[in-house]
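In: sequence and predicted structure below; questions after.
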Amino acid sequence: MSLTVVLAEDDPDIQLVARLALKRAGFTVRVVSNGREALAAIREAPPQVVLLDWMMPELDGPETCRQLKSDPVTAYIPVIFLTAKSQEAEIQRGLSLGAAGYVTKPFDALQLGQQVLDIVAAATTP
């Protein structure tokens, strides 16, 4: 079974690399460019996982994650930050907002799919 991921990333180059890496790993990928688009796409057709950039226009990753986790309809969906923010305090902030995991940029395109699968498995294992 293919997992569907919503990838919220405002950089077109990173969108392309991440989309190709995830598709190669068997994911169905829906790409959006900001947090508002992510919320709309997720509410329209909930995916199995969400990858969020931290810094995006209109609505940033942390606020998007907070809104997803505070809504009972979307709270169960694992959220993974995909971002250049790699300071321990930032990672802890993301996790405290309810994120299931964190992948830092630059990421290894050959490993991204497996990283996402591992985080989803850990987040959904009772």
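Out: Arrived safely. Nothing here was measured: the structure is a model prediction, and the numbers come from that model.
In: tell me which element residue 51 falls in.
Out: Using DSSP states H and E, residue 51 sits in strand 49-52.
In: show the subsequent helix or strand relative to that strand.
Out: Next helix or strand after strand 49-52 toward the C-terminus (DSSP H and E): helix 61-70.
In: helices or strands next to that following helix in the packing?
Out: helix 35-44, strand 49-52, strand 79-83, helix 88-96 (3 or more Cβ pairs under 8 Å, 6 or more residues apart in numbering; DSSP states H and E). Backbone N, C-alpha and C define where each C-beta goes, glycine included.
In: what residues sit buried inside the worst-scoring helix or strand of the chain on mean pLDDT?
Out: Counting by mean pLDDT, DSSP states H and E, the weakest-scoring helix or strand in the chain turns out to be helix 88-96, with a mean of 86. Buried residues in helix 88-96, defined by neighbour count with 16 or more other Cβ atoms under 10 Å: 90, 91, 93, 94.
In: what sits against the third one?
Out: With Cβ atoms under 8 Å, 6 or more residues apart in numbering as the criterion, the residues that contact residue 93 are residue 62.
In: would you mind measuring from it to residue 33?
Out: Between residue 93 and residue 33 the computed distance is 23 Å (Cβ to Cβ, to the nearest Å).
In: what mean pLDDT would you report for the strand holding residue 51?
Out: Looking at strand 49-52 alone, the average pLDDT works out to 98.
In: partners of that strand in the sheet?
Out: strand 4-8 (parallel), strand 79-83 (parallel) (DSSP bridges).
In: relative to residue 66, which of these is closest?
Out: strand 79-83 (9.9 Å; Cβ to Cβ).
In: residues of the closest one that come out buried?
Out: Buried residues in strand 79-83 (16+ other Cβ under 10 Å): 79, 80, 81, 82, 83.
In: which pair in these spans the largest distance?
Out: Taking Cβ to Cβ as the measure, those have their most distant pair in 79 and 83, spaced 11.8 Å apart.
In: now do the shared contacts for these two.
Out: By Cβ under 8 Å, 6+ apart, the residues touching both residue 79 and residue 83 are residue 52.
In: list the contacts for residue 42?
Out: 6, 50, 68, 74, 77.
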